[in-house]
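>>> Next come a sequence and a model predicted from it.
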Amino acid sequence: MGFRIPRLYAIIDPAQTRELAPATVAEILLSAGVRLIQYRGKTDTSRRMFDVCCAIAERVHHAGGIFIVNDRPDVALLAGADGVHVGQDDLPVELARRVLLEGQRVGVSTHNREQFVEAEATSADYIAFGPVFPTGSKERPDPVVGLERVREMRALTRKPLVAIGGITLATAPSVIEAGADSVAVIHDLLAAEDIGAQARKFLQALG
């Protein structure tokens, strides 16, 4: 699809960054070598999300990386992000793309085979699938899909496949072996005492 997605898809959730500002976390991740960052500000006001995304976008682009905004194509457009990631309750892929400029990317979350097949039929640049393992990052998580379902979904698409949900440093290589092109990680990165060191460990483990 002309989109080579980095192995590590780092997600910054301000609810999990402790006392660190999201832009500071982005700097730490980028310094460690991370080149794909998503910002997920579920409780942010529109203004705060815009301000934070502008700050992160500037840092990511300075490092030559890719910056994705969660849920909000309008913020992605205005903040100069590289794209948006939408869920099942957000704008559908094609409507989200109408908000964006040509060249900006759209990713979509899926949680079962039916949703995955629907996503494959859209113009989505990549498809996320999960949760692969139990996760505490969502209040009402979808049922765990497991590695075998990741293998099944791999056979259904040529688009980049991003695995998400409860992925840790220990399990990340097995997720790639199951067919994922990239692993999305929140907690096992942001909860680390040294986020930069943890990111480097992930990058080393993922090859």
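In hand now; what should we look at?
>>> mind listing the helices for this protein?
Secondary structure of the chain (DSSP state H): helices located at 22-32, 46-62, 73-78, 93-99, 113-120, 146-154, 172-177, 187-190, 195-206.
>>> can you list contacts of the second one?
Right, the one you point to is helix 46-62. 12, 14, 22-23, 26-27, 30, 37, 39, 41, 44, 66-67, 69, 72, 75-76, 78-82 (C-beta atoms under 8 Å, 6 or more residues apart in numbering). Bear in mind the C-beta positions are built from the backbone N, C-alpha and C, glycine included.
>>> Next, the buried residues of it.
For helix 46-62, the neighbour count (16 or more other C-beta atoms under 10 Å) marks Met49, Phe50, Asp51, Val52, Cys53, Ala55, Ile56, Ala57, Arg59, Val60 as buried.
>>> One more: the fifth one?
Residues Gln115, Phe116, Glu118, Ala119, Glu120 are the ones in helix 113-120 that count as buried (16+ other C-beta under 10 Å).
>>> Would you check which pair of these lies furthest apart?
Spatially, the most separated pair among the buried residues of helix 113-120 is Gln115 and Glu120, at 9.8 Å (C-beta to C-beta).
>>> Stretch 73-84: end-to-end distance?
From its first residue to its last, stretch 73-84 covers 6 Å (C-alpha to C-alpha, to the nearest Å).
>>> Flag the shaky bits of the chain, pLDDT-wise.
For the chain, residues meeting the criterion pLDDT under 70 lie at 1-2, 137-138.
>>> one step back: put together a markdown table for the buried residues of helix 46-62, with distance to Asp89 on each row.
Below are these laid out as a markdown table (distance: C-beta to C-beta, whole Å):
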| residue | distance to Asp89 |
| --- | --- |
| Met49 | 17 |
| Phe50 | 21 |
| Asp51 | 24 |
| Val52 | 22 |
| Cys53 | 20 |
| Ala55 | 27 |
| Ile56 | 23 |
| Ala57 | 24 |
| Arg59 | 29 |
| Val60 | 26 |
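>>> Just name the closest of the residues you listed to Arg140, please.
Once C-beta to C-beta is applied, the member of those that ends up nearest Arg140 is Met49, at 21.6 Å.
>>> what about Ala124, neighbour count?
Close neighbours of Ala124, defined as other C-beta atoms under 10 Å, add up to 26.
>>> Please apply the same query to Val75.
24.
>>> and what of the one 3 residues further on?
Leu78 has 15 neighbouring residues, counting by other C-beta under 10 Å.
>>> Not counting its neighbours along the chain, what's nearest it?
Spatial nearest neighbour of Leu78, chain neighbours left out: Phe50 (6.1 Å); criterion: C-beta to C-beta, 6 or more residues apart in numbering.
>>> Can you tell me how far that neighbour is from Ile68?
15 Å (C-beta to C-beta, to the nearest Å).
>>> Quick check: buried residues in stretch 172-179?
So, applying 16+ other C-beta under 10 Å, buried residues of stretch 172-179: Ala172, Val175, Ile176, Ala178, Gly179.
>>> That's all I had, so thanks and see you.
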